[in-house]
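Undergrad: A predicted structure for the sequence below; I have some questions about it.
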Amino acid sequence: MDEGKMTRIFIMGKAYDVPAGITIMDAMEYAGYRFVRGAGCRSGFCGACGTVYRKEGEYRLEFALACQEMVEEGMHLTQLPFTPAPRAAYHLDDLDPRENVLLQHYPEIARCVSCNTCTKACPQDLEVMDYVQAALRGDIARVAELSFDCIQCGLCSMRCPADIKHYHMAQMARRLHGLSASREPEHLTTRLREIAAGTYEAQLDALVAASVVELKAQYAAREIETESEEGS
Amino acid sequence: MSGEQTAKWIGGYPSAMRESIAKVEATRKQRLQDGPLAAMSAEARQEVLRDWHPDYKEDKKRDLLVGPSKGARMPHEVVDLLEAYPLVNPRQIDLAKPDLEASVLILGGGGAASVAALFAHTQGIPTADILMVTKLRHGDCNSIMAQGGIQAADREDDSPAIHYLDVLGGGHYTNKPELVRALVSDGPMMIDWHEKLGVLYDKTGGRYVEAHGGGTSRMRMHSAKDYTGMELMRVLRDEVRNLGIPILEFAPAVELLLDADGHAAGAVLLNLETEEYCIVRAHAIVLATGGFGRLHIQGYPTTNHYGATADGLILAYRAGSRIIDMDSVQYHPTGVAFPAAILGQLATEKLRNQGAEPVNADGEPFVYPLEPRDVEAAAIIRECYGRDKGVTTPSQIRGVWLDTPMIEALHGPGTIKKGLAAMWMMWHRHGIDIAVDPALVFPTLHYQNGGVEIDAEGRTDVPGLFAGGEVAGGVHGKNRLMGNSLLDYNVFGRRAGIAAATWAKAHAPKRLSLAHVSAYVRELKAAGIRPTRTAPRILPDYRREALRAHRLEVL
């Protein structure tokens, strides 16, 4: 994109000219930074590279992942790679999801003033405030659903005027939902029983002992299941 | 992306690429009717691999001159690090008073490390006696980026034996049979364990949603949307935190310590912020440091996380562990080829198992979409460089189309945004809607197929040193199938954690020593290798050459 074109950004207030059309992370490296903190998966999944920036002439602070967001002319930025947010320890098996268990472990969710700053800060475009409200109502399933794409970068909690630890609370909600909402499929239970009973040992013994020629023949003769058999 | 604002860019693509997209659209209806091309014969697979897969370029490899796997052939980038001098001078390290003590020391902070820690605890090791140490943060790893899913043979018409055959065939019959047997036999158990930890797998009608992956004969790919790796990793990390298992972040091991009996006995850690070293004495060690994508073998971009530099592999090799299958590199068939800002990032195989077909610049299909990964990658390279049917981007990168709108045509509008949310978001951030337009892809360096040799219990050649996950080799042979890496780190993280705990209860370390490092240095010198390189490499360096040349180290 725009080969050779440069753009001016400000890293912690200092000006650098970097190629246009690259990510904030690549731009910082181009400028001469070598990351120890502030770089993780570099693909938008780990939340290590939370970044706050302001555009030239704007008063508003914006939030992004450095590995995903492109630089723009006049961007003033700094990284926030660590969120000192406490989390509640719990034993999943001891929790009763019918009680107001989220509020018990994270009482500060009751301080939510519905300002929606968390939602605006979320680089994954999640409806963060909505899931905090769902947590207040005890709707664990809704919290799990709305927070599913959370990468736990912590930017919501850094911005929250009520000091809510949204992403930790949502993690607890998802695990509770996973444990309580759906039963383990029977086909898995059956297979576990078969394996424990040694049902497949003889077949595996034969495969482990088989020569490559025999294995190749069996591999070539495999029946490939087709999509329609699953009926989905 | 200012170019996007001008008239010649439409929906994130420049006009030259739009012309090719029009051809893809023109053939789509017919291709949907015809279904995908047939899979290749064994001979055709062999031919495309031999002629086009990067692993088969002999001039990109050389024979290793030192150590327990001397003579093995592997990429120059790996040999360069194995034939390199230590970062620390053994004589300058004070081993007399260890700073930390652990019963089970776990090197790594990803999936395998977390699973090993949790299972070491189930064997009666108190949480306070377990220590995880990691180079970046807990969860900054390849495990968290896996999208497509995890294999486990748990459906009625599937079995561990069928899974075994798929794995062996995919690995070209080079896998270690005992490891594959463990992998497929433990699969359902690991899924069951995840259920009990509250992992949210996709389900419908009381059953798992299970799909094919490249090279599978049964649909056994369990998923959590296209955030499967993230969902697993954040639950495992949450459980490690719940139990209060100690973890040191930004503190990689830079050397292993052995004792007088040659048993693994600890490590030298480096605090990346204060640059202070720290000695840990341990009864047993689990090596779970992941793979080598950031070595950029043959100059390929990579899907891997920032810390994937093969550091643990180097330490284990110096301590006496053999390494296997290091000549084999997995190039994921579909890395992002456009836009340049996200070059090499992963376009999950789930896109293909949901119906997206690779097509060339003229909109023609040229390969069965779900060949094993090495075959699929080689076919895409051939299409671009052998048949000159690729699409060239403004940055002069070649790629082929992955016709993602086919997914919506096959499964209904909205399928991508719902079930492939991470993928949709990745391109959306760059103005491309993959529900409407195809995505340009080219192979990207994805996975270290080989690694430290282990047995089915995760034991290495060094007594007291166990390994699991991507750092270990033998499970996948020369080629891993989709969905077997998440399974691998669970199965072998668990086995290594259990074996390490058992060993730790029966053995106490004797006097700590770095004599093996001094001996390795003598071997390097005897082989005529000059001290121009050091290893392990802690992190890659992406600063400009010109800038590095002007750096003054004065602070």
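TA: Received the coordinates, thanks.
Undergrad: Enumerate the residues of the stretch 451-555 of chain B near chain A.
TA: Residues of the stretch 451-555 of chain B lying close to chain A by C-beta under 8 Å from any C-beta of the partner chain are B:Leu539, B:Asp541, B:Tyr542, B:Arg543, B:Arg544, B:Leu547. In this view, the C-beta of every residue, glycine as well, is placed from N, C-alpha and C.
Undergrad: Looking at neighbours, which among those residues is most surrounded?
TA: In terms of neighbours by other C-beta atoms under 10 Å in any protein chain shown, these top out with B:Leu539 at 19 neighbours.
Undergrad: Is it in contact with B:Asp311, as I believe?
TA: No: B:Leu539 is beyond contact range of B:Asp311, at 9.3 Å (criterion: C-beta atoms under 8 Å).
Undergrad: Please determine how far the closest residue to chain A within chain B is located from B:Gly474.
TA: Chain A sits closest to B:Gly198 of chain B, with a gap of 3.2 Å, by C-beta to the nearest C-beta. Counting by C-beta to C-beta, to the nearest Å, the gap from B:Gly198 to B:Gly474 is 32 Å.
Undergrad: related to what we said a few turns ago, what touches both of B:Leu539 and B:Asp311?
TA: B:Lys135 (C-beta atoms under 8 Å, 6 or more residues apart in numbering or on different chains).
Undergrad: now check stretch B:433-447, is it near chain A?
TA: No: taking C-beta under 8 Å from any C-beta as the criterion, stretch B:433-447 and chain A are apart, separated by no less than 10.9 Å.
Undergrad: buried ones in that stretch?
TA: Using 16 or more other C-beta atoms under 10 Å in any protein chain shown as the test for burial, stretch B:433-447 gives B:434-435, B:437-447.
Undergrad: One more: stretch A:86-97?
TA: Buried residues in stretch A:86-97 (16+ other C-beta under 10 Å): A:Arg87, A:Tyr90, A:Leu92, A:Leu95, A:Pro97.
Undergrad: Contact partners for residue 90?
TA: Went with chain A since none was named. Counting by C-beta under 8 Å, 6+ apart, A:Tyr90 makes contact with A:His105, A:Met172, B:Asn242.
Undergrad: looking at chain B here, not the other one
TA: If a contact means C-beta under 8 Å, 6+ apart, then B:Pro90 has B:Leu514, B:Ala515, B:Val517, B:Ser518 as its contacts.
Undergrad: from the contacts of A:Tyr90, which ones fall inside helices?
TA: Applying DSSP state H to the contacts of A:Tyr90, the entries found in helices are A:His105, A:Met172, B:Asn242.
Undergrad: Pull up the gap between the first one and chain B, please.
TA: I take that to be A:His105. Counting by C-beta to the nearest C-beta, to the nearest Å, the separation of A:His105 from chain B is 11 Å.
Undergrad: Let me know the secondary structure of the nearest residue to that residue once chain neighbours are set aside.
TA: Of all residues not flanking A:His105 in the chain, A:Ala88 sits nearest, at 3.9 Å (C-beta to C-beta, 6 or more residues apart in numbering or on different chains). Secondary structure, DSSP: H, G, I helix; E, B strand; the rest coil: A:Ala88 is coil.
Undergrad: domains for chain A, by residue range?
TA: Segmentation of chain A into domains, based on automatic domain parsing, reads A:6-79, A:92-180.
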